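> Structure, please.
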Amino acid sequence: MTHRLFEGKDHASIYQKYRFTPPEELKNIILQYLDKKKGQPHGLAVDLGCGTGQNSRLLAPHFQEVVGIDVSECQLEEARAVPGLSNITYRKGTAEELSFPDCSVDLLTAASAAHWFDQSRFLAEASRVLKPRGCVALLGFRDTCTRLRYQGCGDRLDRRFEEVRQELLPYTSTRVTVSDGKLEELYSAIPFPDKERIERVPVKSSISVRNLVGFIESMSMFQGYKKKDPKAAGELLLKTQKRFLEEMGVMSPDTEVELELEYFCVLASKPG
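Here you go, the predicted model:
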């Protein structure tokens with residue numbers, strides 16, 4: 001069954017504010033793969049587990065139509081509230097029951113979401129709805145590979161981030177470990193012979209300490225902790241921000257650090 005952990009209004013608002021948009025580098029890899037396997041035109045892209053629409057909006061300039069699908073109406077409300085291109089629509093639904101005709105979808109994608117899907121049912125639907133030579137692109141990043149850099153204290157910031165991750169580990173869904181494993185089991189189960197893995201796409205960006213703590217708040221494991229003990233969860237965020245600032249020797253949470261993430265991608269093309 002589809003796991004349902006991101007449906008609340010508060011979590012959706014946090015998700016919209018703090019979650020990362022997939023990198024341009026990875027988007028270009030996906031589009032190049034689609035060009036190579038299927039070719040133009042790029043008609044319909046379906047973004048599964050679209051959340052608040054970051055990946056949907058990234059793809060929109062390159063397709064005639066993009067449809068974002070999510071189980072959470074609250075997430076979809078946040079997505080619809082973002083001004084964007086007129087060729088994006090958002091629908092409530094799941095990756096396991098897609099309301100598209102057979103052989104109608106050019107690209108079926110999911111950003112940091114495929115580990116929540118029922119593997120066999122999702123792959124059956126992918127085989128049904130994709131056009132001949134249509135493509136699947138499943139991407140994500142590993143929390144365990146997150147690195148922070150600020151002047152000479154990067155290693156200390158990494159340790160602080162890891163301390164938080166370890167504190168939240170008891171609230172981590174087993175499905176998150178599937179993502180940390182770069183979807184290896186799902187990749188093996190894809191029935192298309194034409195498939196490949198992009199193991200490592202390193203991406204660097206700047207982020208304020210405030211937004212870094214907001215990113216931690218958006219994590220499913222933090223939300224699990226918050227559900228159990230809201231007071232302790234709030235105190236953890238305050239303590240984490242304070243420790244980051246102390247290590248950096250600064251006062252303002254708007255101070256920016258360099259964030260290094262390691263993305264991966266699973267690509268496959270339906271036989272023609």
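
> The lengthiest helix in the chain: what's the following helix or strand?
Ranked by residue count and defined by DSSP state H, the top helix of the chain is helix 230-248. Sequence order places strand 256-269 as the next helix or strand after helix 230-248, per DSSP states H and E.

> Could you give the average pLDDT over that following strand?
For strand 256-269, mean pLDDT rounds to 95.

> Adjacent strands (with direction) for that strand?
Strand pairing for strand 256-269, using DSSP bridges, gives strand 130-141 (antiparallel), strand 147-149 (antiparallel), strand 194-208 (antiparallel).

> From the chain's centre, how far out is the helix or strand just after the shortest one? Work that out for me.
For strand 147-149, the succeeding helix or strand toward the C-terminus, using DSSP H and E, is helix 154-168. With Cα atoms, centre = their mean, to the nearest Å as the basis, helix 154-168 stands 21 Å off its chain's centre.

> which other helices and strands contact helix 154-168?
strand 147-149, helix 220-228, helix 230-248 (3 or more Cβ pairs under 8 Å, 6 or more residues apart in numbering; DSSP states H and E). For glycine as for every other residue, the C-beta is placed from the backbone atoms N, C-alpha and C.

> Now do the last one against helix 220-228, angle only.
The one in question is helix 230-248. Computed by axes from the mean of the first three to the mean of the last three Cα atoms, to 10 degrees, the angle separating helix 230-248 from helix 220-228 equals 130 degrees.

> Quick check: mean pLDDT of helix 230-248?
Rounded mean pLDDT across helix 230-248 is 96.

> Show me what counts as buried in that helix.
By 16 or more other Cβ atoms under 10 Å, the buried positions in helix 230-248 come out as 233, 236-237, 240-241, 243-244, 247-248.

> could you dump the longest helix of the chain to CSV, C-alpha only?
Taking Å, rounded to 0.1, in the frame of the first residue of the first chain, the C-alpha atoms of helix 230-248 are listed here in CSV:
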residue,chain,number,x,y,z
PRO,A,230,5.5,18.0,20.2
LYS,A,231,7.3,19.9,23.0
ALA,A,232,10.5,17.8,22.7
ALA,A,233,10.5,18.1,19.0
GLY,A,234,10.2,21.9,19.1
GLU,A,235,13.1,22.0,21.6
LEU,A,236,15.2,19.9,19.3
LEU,A,237,14.8,22.4,16.5
LEU,A,238,15.8,25.3,18.7
LYS,A,239,18.7,23.4,20.2
THR,A,240,19.9,22.4,16.7
GLN,A,241,19.8,26.0,15.4
LYS,A,242,21.7,27.2,18.5
ARG,A,243,24.4,24.6,18.1
PHE,A,244,24.9,25.3,14.4
LEU,A,245,25.3,29.1,15.1
GLU,A,246,27.7,28.4,18.0
GLU,A,247,29.9,26.2,15.8
MET,A,248,29.9,28.9,13.1
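
> gap between it and the chain center?
Distance of helix 230-248 from the chain centroid (Cα atoms, centre = their mean) equals 24 Å.

> From the contact counts, what lies against it?
Identification of packing neighbours for helix 230-248 by 3+ Cβ pairs under 8 Å, 6+ apart yields helix 154-168, helix 209-218, helix 220-228.

> Please work out which helix or strand belonging to this protein has the smallest mean pLDDT.
Using mean pLDDT, DSSP states H and E, helix 174-180 stands out as the lowest-scoring helix or strand of the chain, at a mean of 49.

> I'd like the next helix or strand past that helix.
helix 184-189.

> List the buried residues of that next one.
186-187.

> Check the offset of that helix from the chain's centre.
With Cα atoms, centre = their mean as the basis, helix 184-189 stands 18 Å off its chain's centre.

> what's in contact with that helix?
114-115, 117, 119-120, 123, 138, 178, 195, 197, 266 (Cβ atoms under 8 Å, 6 or more residues apart in numbering).
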